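S.K.: got a structure for you, letters missing:
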């Protein structure tokens, strides 16, 4: 009986300290002064904030962790749009999923089938997100050359910067 009560007390203390650690506000010193709505957060500052937020929410996983990380990062950088919302990216372009869904609806409405439908979807997506269409084309070319891993990433990034080459 004593063992069970000690075990229960230990569990209660463990969970209460985890909840207390998650409930503490983020320290004010970690907010960079340069974070404004017009200017994106520097990559290093965002990575450091992500590490700190993960350390605060280490006990969580899955959707709970995702939600806590999003809330924590948004608290660290108030006024800065860090994530895509309402089908738009941070810079106002439609997300890839939104663009694909709209293109599929247009193809369904026009009643296209087979190769015509595929060509219509590719053209529509290229029109809505030419940056992603260019990267996909670059990736296809790089894979046809037999590249993979870091070489593939480098080739796609370079091709994305130089669309003519």
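M.R.: Nice, thanks for sending it over. This one's a predicted model, so the numbers in the text were calculated from it and none came from an experiment.

S.K.: Run through this protein and note the low-pLDDT ranges.
M.R.: 1-3, 5-40, 83-85, 163-165 (pLDDT under 70).

S.K.: So which residues of it form strands?
M.R.: Using DSSP state E, the chain contains no strands.

S.K.: can you pull out the helices in it?
M.R.: Using DSSP state H, the helices of the chain run over residues 2-23, 43-56, 62-76, 96-110, 114-128, 130-144, 149-161.

S.K.: Which of the ones you listed sits closest to residue 86?
M.R.: Smallest distance to residue 86 across those (CB to CB): 8.9 Å, for helix 96-110. Using the backbone N, CA and C atoms, a C-beta is placed for each residue, glycine as well.

S.K.: Contacts for the closest one next, please.
M.R.: 87-88, 94, 117, 120-121, 124-125, 128-129, 132 (CB atoms under 8 Å, 6 or more residues apart in numbering).

S.K.: Farthest pair within the residues you listed?
M.R.: Largest separation among those by CB to CB: 88 and 117, giving 26.0 Å.

S.K.: returning to what we had before: is it possible to export the helices of the chain to JSON lines including mean neighbour count and distance to residue 82?
M.R.: Formatted as JSON lines, the helices of the chain follow (neighbours: other CB atoms under 10 Å; distance: least, CB to CB, whole Å):
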{"stretch": "helix 2-23", "mean neighbour count": "10", "distance to residue 82": "20"}
{"stretch": "helix 43-56", "mean neighbour count": "14", "distance to residue 82": "8"}
{"stretch": "helix 62-76", "mean neighbour count": "14", "distance to residue 82": "6"}
{"stretch": "helix 96-110", "mean neighbour count": "14", "distance to residue 82": "18"}
{"stretch": "helix 114-128", "mean neighbour count": "14", "distance to residue 82": "23"}
{"stretch": "helix 130-144", "mean neighbour count": "15", "distance to residue 82": "20"}
{"stretch": "helix 149-161", "mean neighbour count": "13", "distance to residue 82": "22"}
